[in-house]
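Q: Okay, predicted coordinates and the sequence, questions at the end:
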Amino acid sequence: MDDNDNDADGNTTINKASISIKTPPAHGTLQIDNVTGIVGYVPNTDYTGTDSFVYTIKDNTGSESNPALVDIFVNVRPSGTNDEATTFSGNPVTILVNDNDLDKTGVTVIKGTDPSNGAVVINTDGSILYTPRNGFSGKDTFTYKLK
């Protein structure tokens, strides 16, 4: 949240230091930067779901806004787990990483390190296509990140 609040009497100078939390969030804490007017939200450990808070802000004449409700959806942070797949030399194999998305809201897969003995492509659906090089036999590894 920033100083996007509007002032009905036309006074456009918002006093960023005047943010007042009227109803705090039930499942997290707020961090207010009185210089920038930015309010940061930190969810409680392991909490997922919806949280909210109510705030007001004043203009430079001291007029206070109506209470504003902010709803926040807290998503489960994706957690990577080691994946394994078996294939034959030169034959591609698709690795599904969606089993790492506990709340099934979708993850973005970001390529990390390349395998030593093949190639990796991140598909648009978030799966990974691994193709071992021709003639390779053995264990190969690569990394990816979830966002």
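A: Received the coordinates, thanks. Everything numeric here is computed off the predicted structure, so don't read it as measured data.
Q: Could I get the full set of strands for the chain?
A: Secondary structure of the chain by DSSP state E: the strands cover 14-23, 28-33, 38-43, 49-59, 68-74, 93-95, 109-111, 118-122, 128-132, 144-146.
Q: number of nearby residues for the residue lying closest to Thr13 once chain neighbours are set aside?
A: Once flanking residues are discounted, Thr13 sits nearest to Asn60: 4.2 Å by CB to CB, 6 or more residues apart in numbering. Every residue, glycine included, has its C-beta placed from N, CA and C. By the criterion of other CB atoms under 10 Å, Asn60 has 12 neighbours.
Q: now do Tyr130
A: Other residues within reach of Tyr130, judged by other CB under 10 Å, total 19.
Q: Which elements pack onto the helix or strand of the chain with the lowest mean pLDDT?
A: Sorted by mean pLDDT, DSSP states H and E, the helices and strands of the chain end with strand 144-146, the least confident at a mean of 85. Counting contacts by 3 or more CB pairs under 8 Å, 6 or more residues apart in numbering; DSSP states H and E, strand 144-146 packs against strand 109-111.
Q: who does the strand it packs on pair up with?
A: Strand pairing for strand 109-111, using DSSP bridges, gives strand 144-146 (antiparallel).
Q: Off-centre distance for the partner strand?
A: Mean-position distance between strand 144-146 and its chain equals 13 Å (CA atoms, centre = their mean, to the nearest Å).
Q: buried sites along it?
A: Neighbour counts over strand 144-146 (16 or more other CB atoms under 10 Å) mark Tyr144, Leu146 as buried.
Q: count of residues packed around the residue nearest to Phe136 when sequence neighbours are not counted?
A: Once flanking residues are discounted, Phe136 sits nearest to Asn117: 4.3 Å by CB to CB, 6+ apart. Asn117 has 16 neighbouring residues, counting by other CB under 10 Å.
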